[in-house]
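Student: Need a 3D model of the following:
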Amino acid sequence: MAEAESVTADGAADVVARLKRRIIDQALPLWSTTGWDGTAGGFVDRLHADGSPDRAAPRRLLVQARQIYCYAKAAQMGWYPEGRAIALKGLDYLLAKAKAPDGRPGFVFSLTPEGGVHEPLRDTYGHAFVLLALATVYGLDQDAQIRAEIDALLSFLDTELRSPHGGFQEGLPPSMPRRQNPQMHLFEAMIACFDATHDLSFQNRAGDFFALFLASLYDKQTRTLSEYFEEDWSRIPPVSVEPGHLAEWVWLLKGFER
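Tutor: Got it, this is the predicted structure:
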């Protein structure tokens, strides 16, 4: 039995090592070159099947923010030292183009390839990733300007998107059904903010999402996490369960436990 477990562990370690090398040697260089628009700025949203960039596709907020996070995290972990400069370049684009370009607070859902407003919706899910990106970039240099952006985004969330029933609305304008997914990624972002700043207010904010998880999102009887809810967090039948989100919550709860 011990020998079998050792073989399994060795196999898992080999898979992890190969994935790490693929990220460092292929994915990170690809998305910082082919995946970056050297003319208009910003990361392209996707590639064609032949590997060429789709420069005609709108630029979604969540893609820009996730890429910034990835490069900042890769630099932080020592995997890709060039990641710091790429993350900062991506953040400059994000703040210049997606933050309140129409004169209203918050970040727009998507941009045109040229950098204009494509979809003005303020999407809570996308804002969660902006907060995650800001926290990770802040963790690199503790730049006061980045901290100011974090605080400004939190103020927008609290003022414009907080729900009287707990958690945050889907976006502006509000929509239904409510989903657990934006709450999960805001939980992730609050943990990242605490890790980067050591400010206990972020630990308290993360605690609010943990309380929401226990009170409304997690079903103790079935040991599952529901996906869709009414305004008051009552579950919408038939209950939908995403195994991937269960795994994400386990990982985040372990992070919060620290």
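Student: Per the annotation, how does the protein divide into domains?
Tutor: 26-161, 170-258 (automatic domain parsing).
Student: Quickly compare the ones you listed and say which is most buried.
Tutor: Highest mean neighbour count of the domains of the chain: domain 26-161, a mean of 18 (counted as mean count of other Cβ atoms under 10 Å). All C-beta spots, glycine's among them, are computed from the backbone N, C-alpha and C.
Student: Just the terminal-to-terminal distance for it.
Tutor: End-to-end distance for domain 26-161, by Cα to Cα, to the nearest Å: 38 Å.
Student: now swap in stretch 160-168 and tell me
Tutor: Start-to-end span of stretch 160-168 (Cα to Cα) is 9 Å.
Student: neighbouring contacts of it?
Tutor: Residues outside stretch 160-168 that contact it (Cβ atoms under 8 Å, 6 or more residues apart in numbering): 105-106, 122, 124, 127, 157, 169, 171-172, 178, 182-183, 186, 208-209, 212, 215-216, 231-233.
Student: repeat that for 10 Å
Tutor: Contact with stretch 160-168 is made by 104-106, 122-125, 127-128, 157-158, 169-172, 174, 178, 180, 182-183, 186-187, 208-209, 211-213, 215-217, 229-234, as judged by Cβ atoms under 10 Å, 6 or more residues apart in numbering.
Student: go on, stretch 190-197?
Tutor: Contacts to stretch 190-197, defined as Cβ under 10 Å, 6+ apart, come from residues 69, 73, 76, 128, 131-140, 142, 146-147, 150-151, 153-154, 199-210, 252-253, 255-256, 258.
Student: quick check, distance from the helix or strand hosting Thr136 to the centre of its chain.
Tutor: Using DSSP states H and E, Thr136 falls within helix 124-141. The chain centroid and the centroid of helix 124-141 are separated by 7 Å, computed with Cα atoms, centre = their mean, to the nearest Å.
Student: Against which helices or strands is whichever helix or strand comes after it packed?
Tutor: As assigned by DSSP H and E, the chain's next helix or strand after helix 124-141 is helix 144-156. Applying 3 or more Cβ pairs under 10 Å, 6 or more residues apart in numbering; DSSP states H and E, one finds that helix 144-156 contacts helix 83-97, helix 124-141, helix 180-197, helix 200-212.
Student: Take those and write them to JSON lines, including mean pLDDT and distance to Ala13.
Tutor: Shown next, in JSON lines, are the helices and strands packed on helix 144-156 (pLDDT from 0 to 100; distance: least, Cβ to Cβ, whole Å):
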{"stretch": "helix 83-97", "mean pLDDT": "99", "distance to Ala13": "24"}
{"stretch": "helix 124-141", "mean pLDDT": "99", "distance to Ala13": "26"}
{"stretch": "helix 180-197", "mean pLDDT": "99", "distance to Ala13": "26"}
{"stretch": "helix 200-212", "mean pLDDT": "98", "distance to Ala13": "31"}
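Student: These into JSON lines, with extra columns for distance to Val63?
Tutor: Output for those, formatted as JSON lines (distance: least, Cβ to Cβ, whole Å):
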{"stretch": "helix 83-97", "distance to Val63": "10"}
{"stretch": "helix 124-141", "distance to Val63": "9"}
{"stretch": "helix 180-197", "distance to Val63": "14"}
{"stretch": "helix 200-212", "distance to Val63": "24"}
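Student: among these, which is nearest Leu28?
Tutor: Evaluated with Cβ to Cβ, the helices and strands packed on helix 144-156 place helix 83-97 nearest to Leu28, the distance being 6.8 Å.
Student: Where does the prediction get shaky in the protein?
Tutor: 1-7 (pLDDT under 70).
Student: and if we set it to 80?
Tutor: 1-10 (pLDDT under 80).
Student: right, and the helix or strand after the longest helix seen in it?
Tutor: Counting by DSSP state H, the longest helix found in the chain is helix 2-22. Next helix or strand after helix 2-22 toward the C-terminus (DSSP H and E): helix 28-33.
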